[in-house]
Structures are given as C-alpha cells and as structure tokens.
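Peer 1: Here you go, sequence then predicted model.
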Amino acid sequence: MSEITYGQAVEQIKNSLDIVDVISKYVVLKKSGHNYSGLCPFHNEKTPSFVVTPSRQIFKCFGCGEGGDVIAFLMKINNQDFKEVIAEQAAALGIELPKGSKDSSSKYKQEKERLLNAMDEATKFYHKKLLANERALEYLEKRGVGEVAIGKFFLGLAPNSNFELKEHLREKGYTNDEMYKAGLLYEKNGDFLDRFKNRIIIPIMDVNSNTIAFGARAIMEGQNPKYLNSPDSSIYNKSNVLFGLNRAKDYIKQEDSVIIMEGYFDVISAHVAGVQNAVASCGTALTPQHIKLIARYSPSRKIYLAFDSDSAGQKATKAGAEVIKNIFSSLGDIKQYDSSYSDNSDSVCEIRVVSQVGGKDPDEFIREFGAQEYKNHIKNAPLFLDYRLNKALEELKNDATPQQKSITVQQIADILSEIQNPVILSEYIKNISFKINLDEEILKTQIEKSKYKNESFEEFEVATPKTQPKYPSKDLNTRYNLMENNLIKLAFVANTPEKKNFYIHAISTYKAHSEANCAIIAAIDKALGEINNIDELAKKVFCEFYNNKDMQKKLSDEIFASAQYENLDYENYIQAVNEIFERLNSISEKLRNYELKQKIKDSTLSESEKRELLFQQFEANRMETF
C-alpha cells in the first residue's frame with residue numbers, strides 16, 4: 001500500500017474533525033437555522049457576528065473578518081502555525097503523516113514534550129526543597145497551609161540561588177534554551193539565571209494536570225514583586241488557563257457551579273476546606289476564554305465571583321461579570337434575580353457575588369471562621385444585580401445632598417433598566433423607592449430614560465454596519481475583482497448537475513484578472529470534476545490552500561456571501577453567470593482603453609509608437625460602442 005501524501009493526510013485530518021465540535025470547545029454556539037452563531041473569540045463584541053456553517057465546515061466573523069476552515073480556526077485560536085496544528089491533530093487522531101513531513105511535525109511534538117518534562121522535573125525539584133526547609137514550612141503553616149495542601153497542590157520552594165535549578169536540570173539533560181522557552185530562566189548580561197528565587201512555588205497545571213507554569217510568592221519582607229508568574233510560552237497562555245481547574249473540574253460538574261477567586265492561596269484554602277469547585281485566574285483579569293473554559297464543565301453556568309473586597313476587587317467583580325454577561329447574553333436570559341422568582345428558570349447563566357465579610361479575602365475568612373461558615377456564606381450570595389444595587393445604595397448616606405441622591409438614583413435606574421420582567425421590575429421599584437424615600441413615578445421615569453438611552457445606542461450601532469459599499473471606488477481593477485468574486489460565489493451554489501456542468505464549461509477558458517482569483521477559480525474547476533455533492537466543494541478547495549491563511553479568509557468571505565445566489569433556479573443561474581462574464585468583458589475593454597490613454601501620455605514615445613497606440617485606442621472605443 002503506497003504512502004499517502006501530505007495533502008491527503010491534511011484532507012483526512014479535516015474530514016475527521018467536525019468544525020462545530022472543535023469550535024464549541026472555545027465558543028458558546030447557538031443553533032441558528034442551518035448555521036451556528038456565537039460571540040467571536042478573536043475580538044470583543046456584544047452582539048454575535050461569528051457564524052459556523054457545518055454543511056461546508058467553515059466559519060466566518062462578520063465583525064473582524066476572520067474566517068476559514070477548522071484548521072485555520074485552530075491556528076488562530078492557539079497561535080500555532082499550520083504544521084504545528086497538523087502535527088498535533090494527526091497525533092490526537094492517530095493519523096500517520098508521510099515521512100517527509102515527520103521531521104517538522106515530530107519536532108514540534110518532541111519540543112512540547114521536552115518542555116512539559118522540564119516543568120515536571122522543576123516541580124519535583126521545588127517540592128523537595130520545600131519539604132526540606134523548616135522555615136518555609138512554618139511560613140506556610142502560619143498561613144493555614146499544612147501538609148495536606150502542600151501535597152495536594154505540590155507546592156514548592158525556589159532556593160535563594162541564581163543557578164541551582166538550572167544546574168539541576170542541566171544534569172537531567174535539559175538545555176538553557178529549553179529552560180528559557182519553558183519560562184524557568186531569564187537572560188541577563190548574556191547569562192541565563194533562575195527566574196524564581198527565594199519564593200514559595202505554586203505549580204499551575206493544565207486540565208490534564210501537566211505543570212505548564214508557576215506562580216511564585218515572596219516570603220521575605222520587602223521582597224518585590226509580591227507575586228511573580230511565569231511568562232506566556234508555547235505551553236502556557238495565562239488568558240486560557242485557570243488555576244486549580246485540573247482539580248476542580250469534576251466538582252464543578254458535580255455541583256453544577258464554579259467559584260472564581262482572585263488568588264492562588266484563596267483556591268488552595270477553599271479546596272482544603274472542602275469547597276472544591278473553586279478556581280482562580282493566573283495573575284490576569286478574567287477573560288472570555290476563561291469563561292468559555294468554565295462553560296464546558298457547568299451546564300447551567302452558575303458562576304460565583306469571590307474576589308477581594310478592596311476597590312481593585314470590586315472593579316474586578318464588575319469587569320468579570322460584564323465579561324460573563326457579554327459571553328452568554330446572546331444565547332438567552334441571564335438569571336439576575338433570586339432563584340425562586342426569575343423571568344426565566346431556564347436561564348443560560350447565573351452570576352452571583354460572594355462578598356467578603358470584614359474586608360477579608362476567602363483565604364483569611366476560611367482560616368478565621370472555618371469552612372462551614374464559608375459554605376453558608378456562598379449559599380447566601382446575592383445575584384449580581386442585587387450586589388450592584390446594594391453597592392449603589394451603600395453610597396447614599398442619610399445626609400446626602402439632593403445632587404448626590406440624584407446621581408445614586410440614576411445609577412439605580414441604569415441597573416433596573418436591564419430587567420425585562422414587569423412584575424420583578426415593579427417589585428424592585430416599590431422596595432427601592434421605599435428605602436430611599438423617593439416617589440415611585442420618578443424612579444420609573446429615570447428607568448425609561450435609561451432604557452431609551454440604551455435602545456438608541458443599539459439602534460445606532462445596527463444602523464451603521466461596517467459593510468462595504470457595492471463599489472468602494474470607481475477604480476476599474478476593484479470593479480473587475482468584484483465581478484470575479486461574484487463568479488466565485490456562484491460556484492458554491494451550483495447545487496444541481498446541470499448548474500455544475502454549465503459552470504465548468506463557462507470557466508474552462510477564463511483566465512482571472514487577479515492572481516488570487518486565478519488560483520481559486522483553477523482550484524474550483526479541478527474540485528468540481530471530483531465531487532458529487534456541492535457541500536464537498538468548500539472542503540476540497542480549502543485543501544488546495546491549506547497553508548495560506550489569506551486565501552482561506554478570502555474563500556470563507558465568498559462562500560458565506562454566496563447565500564445571495566442560493567435560491568436561483570437553473571435559468572436564472574445561467575443568466576447570472578452570463579451577466580457576470582458580460583460585465584467582465586466590458587470592464588476589461590474599459591481597463592484596456594484606460595491603459596492605452598496612460599501610455600499615449602508618455603512623452604518619450606516616438607511618433608510611430610504613438611500612432612500605433614492611437615489606432616489601438618480607436619479600435620477599443622469602436623468595440624465599446626458595440
């Protein structure tokens with residue numbers, strides 16, 4: 001049996017991957033007709049413009065323009081090049097790549113394994129150092145971190161040395177370059193030094209419990225920074241990783257809820273105390289990727305935010321809740337009210353805020369009041385809407401001036417304007433008006449103003465879409481490309497044998513104006529002769545450009561835009577193709593005429609050359625009139 005080519009292996013990998021299944025690991029998708037939609041993972045947006053078409057196995061964002069097939073998506077989302085994605089997917093699917101490509105694919109796999117092994121070796125090294133250091137153990141004991149926590153989270157100690165870890169790993173066969181790539185060393189004055197020195201080490205693990213980074217806590221007074229984290233690397237991206245998720249994921253499923261905390265030790269204390277569905281971000285603000293990661297494990301998406309009570313923690317709570325709302329609001333109702341009195345019991349998400357009593361963070365609270373008290377505290381956590389209202393009301397003092405009261409009322413109205421259920425809204429208006437001694441009608445008026453302001457803004461956004469005009473300029477080359485793009489679109493709706501045969505005949509002798517369109521039309525011509533179902537065309541053509549991101553993006557643009565032609569019957573389809581060729585011929589003649597005019601203006605031409613060009617121009621004008 002002959003060995004398959006690299007291109008055939010790529011096609012085999014693509015056929016083994018379902019684009020909806022793959023993208024669903026990163027994006028919350030909602031069925032929308034024949035397609036799926038969701039919030040784009042490549043730019044911030046509140047209204048979903050990201051579309052996945054399963055029949056053609058492609059995606060397209062109409063906001064930022066990203067598009068392509070499943071391989072293009074994995075390249076973009078994981079910041080990998082084409083060969084890295086193919087190597088990774090081939091290994092996962094058990095598909096053998098041809099010998100000629102094994103060097104590059106296995107090289108990537110081997111490098112990743114080497115870095116993970118180096119991190120594992122460093123974890124063991126730090127752990128042994130901690131167990132042998134009484135002073136560091138006493139420090140942790142004072143923080144309520146005992147033997148169980150140290151063993152469970154494999155905590156360690158970085159010695160007070162610039163070279164000890166480096167020398168240890170060199171003895172194990174790892175190079176300075178590998179340790180640097182893993183984030184274990186940093187470069188200074190041409191030398192490589194241990195990144196972590198005289199610090200408690202907290203291993204950060206992926207969901208499979210591989211150490212991919214470290215958090216390091218200072219243990220000496222005046223030691224700065226207080227926390228030092230591993231830099232991003234080929235095995236670690238802090239925006240995609242949650243500390244403790246490897247241990248918490250099963251408990252998140254079991255509890256159908258997750259508690260997001262601010263610090264490593266908050267999570268460690270919570271787990272030791274029996275609150276084992278807790279995670280934390282790794283020294284960064286909560287990101288959409290974090291929330292999408294959590295959504296895999298909690299079907300009802302009940303999310304508790306348990307950040308510190310200082311001003312930074314309050315800002316993080318608000319920002320985190322906004323990220324969560326933006327991720328899920330397009331999919332349905334977010335449960336913002338109490339559990340027995342909601343406008344939708346089947347809400348797509350529930351956000352609650354665990355306020356920290358007495359200004360204590362979760363770690364301090366658990367150490368002082370115990371695990372059971374903290375569990376009770378979580379059970380009574382208010383929904384995000386009530387948390388915001390309480391914060392606004394706290395700012396309103398008894399001796400507040402009319403101006404101060406007006407500001408607070410406006411804040412409250414902005415919050416209440418989000419409530420869709422009229423009964424719930426009425427109850428809130430009654431309760432709050434009574435609390436702040438305000439006429440209910442005044443609060444209702446302010447709420448209506450807030451709603452109008454929000455709706456006006458949304459209408460403005462919808463009314464000014466970032467779409468291109470039909471003809472962005474009068475430039476003939478642009479118009480030529482637009483017509484060729486329409487010709488490409490028509491290929492993807494040739495959904496009957498008659499349409500397909502007509503299209504193949506129509507393009508058989510056509511040479512496209514642009515190099516990109518020429519390559520695409522040639523690929524379409526080849527693929528149409530090999531497929532039985534038009535839905536297979538996209539896959540075939542994408543495979544021709546499997547290592548060309550720009551061409552994949554252009555293809556996805558044309559495929560999604562082909563919907564404008566998909567309802568054409570055979571006669572109208574033929575008419576559409578013929579009209580495009582007529583316009584292409586017309587634009588071609590105008591373009592030739594324009595180029596002749598430019599040449600005639602050349603002052604260096606001889607008289608005979610100019611006469612020849614003038615004759616050509618005359619002929620071109622004569623043809624245009626016909």
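Peer 2: In hand now; what should we look at?
Peer 1: what comes into contact with stretch 303-314?
Peer 2: Contact with stretch 303-314 is made by 257-263, 266, 278, 291, 294, 316-317, 320-321, 324, 349-356, 359-362, 378, 381, 384, 391, as judged by CB atoms under 8 Å, 6 or more residues apart in numbering. Placement of C-beta: from N, CA and C, glycine included.
Peer 1: ok, now stretch 140-153?
Peer 2: Residues outside stretch 140-153 that contact it (CB under 8 Å, 6+ apart) are 130-131, 137, 155, 200, 202-203, 247, 265, 268-269, 271-272, 363, 366-367.
Peer 1: tally of neighbours for the nearest residue to A9 once chain neighbours are set aside?
Peer 2: Ranked by CB to CB, 6 or more residues apart in numbering and with sequence neighbours excluded, the top spatial neighbour of A9 is L97, at 5.2 Å. L97 has 23 neighbours, counted by other CB atoms under 10 Å.
Peer 1: coming back round to it: which among the contacts of stretch 140-153 count as buried?
Peer 2: Using 16 or more other CB atoms under 10 Å as the burial test, the contacts of stretch 140-153 include 130-131, 137, 155, 200, 202-203, 247, 265, 268-269, 271-272, 363, 366-367 as buried.
Peer 1: Of the residues you listed, which is the nearest to H168?
Peer 2: Set against H168, the nearest of those by CB to CB is L130 (14.6 Å).
Peer 1: so which helix or strand takes in that closest one?
Peer 2: helix 99-131 (DSSP states H and E).
Peer 1: what's the average pLDDT for that helix?
Peer 2: For helix 99-131, mean pLDDT rounds to 84.
Peer 1: picking that back up, mark which of the contacts of stretch 303-314 are buried, thanks.
Peer 2: Neighbour-count burial (16+ other CB under 10 Å) applied to the contacts of stretch 303-314 gives 257-263, 266, 278, 291, 294, 316-317, 320-321, 324, 349-356, 361-362, 378, 381, 384, 391.
Peer 1: in the stretch 451-600 of the chain, which ranges drop under the pLDDT threshold?
Peer 2: By pLDDT under 70, the low-scoring segments of the stretch 451-600 of the chain are 452-475.
Peer 1: Walking through it, point out its strands one by one.
Peer 2: Under the criterion DSSP state E, counting those that start in this stretch, the stretch 451-600 of the chain carries no strands.
Peer 1: can you give me the helices for the stretch 151-300 of the chain?
Peer 2: Here the stretch 151-300 of the chain has its helices, by DSSP state H, counting those that start in this stretch, at 164-171, 176-181, 245-255, 264-272, 288-295.
Peer 1: swap in the stretch 451-600 of the chain?
Peer 2: In the stretch 451-600 of the chain, the helices defined using DSSP H, counting those that start in this stretch lie at 476-491, 497-507, 515-528, 535-544, 549-561, 570-600.
Peer 1: among those helices, which is nearest N398?
Peer 2: When the helices of the stretch 451-600 of the chain are compared by CB to CB, helix 549-561 sits nearest N398, at 59.0 Å.
Peer 1: what comes into contact with that closest one?
Peer 2: With contact meaning CB under 8 Å, 6+ apart, helix 549-561 is reached by 51, 53, 56, 58-60, 62, 65-69, 72, 75, 485, 488-489, 492, 516, 519-520, 538, 541-542, 545.
Peer 1: Isn't the residue nearest to A9 up against V10?
Peer 2: No - counting by CB atoms under 8 Å, L97 stays clear of V10, with 9.2 Å between them.
Peer 1: shared neighbours of the two, anything?
Peer 2: Taking CB under 8 Å, 6+ apart as the criterion, L97 and V10 both touch I86.
Peer 1: Do you have the strands of the stretch 301-450 of the chain handy? List them.
Peer 2: Counting by DSSP E, counting those that start in this stretch, the stretch 301-450 of the chain has strands at residues 302-306, 334-335, 349-353.
Peer 1: Okay, now the sheet partners of the first one, with direction.
Peer 2: When you say that, I think you mean strand 302-306. Taking DSSP bridges as the criterion, strand 302-306 forms sheet pairs with strand 257-261 (parallel), strand 349-353 (parallel).
Peer 1: so that strand versus helix 288-295, what angle?
Peer 2: Interaxial angle of strand 302-306 relative to helix 288-295 (axes from the mean of the first three to the mean of the last three CA atoms, to 10 degrees): 130 degrees.
Peer 1: Could you save the strands of the stretch 301-450 of the chain as TSV and add columns showing distance to R143?
Peer 2: TSV is the format used below for those (distance: least, CB to CB, whole Å):
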stretch	distance to R143
strand 302-306	18
strand 334-335	36
strand 349-353	25
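Peer 1: So which of these is nearest I252?
Peer 2: When the strands of the stretch 301-450 of the chain are compared by CB to CB, strand 302-306 sits nearest I252, at 9.6 Å.
Peer 1: So what's the model's average confidence on the closest one?
Peer 2: Averaged across strand 302-306, pLDDT comes to 94.
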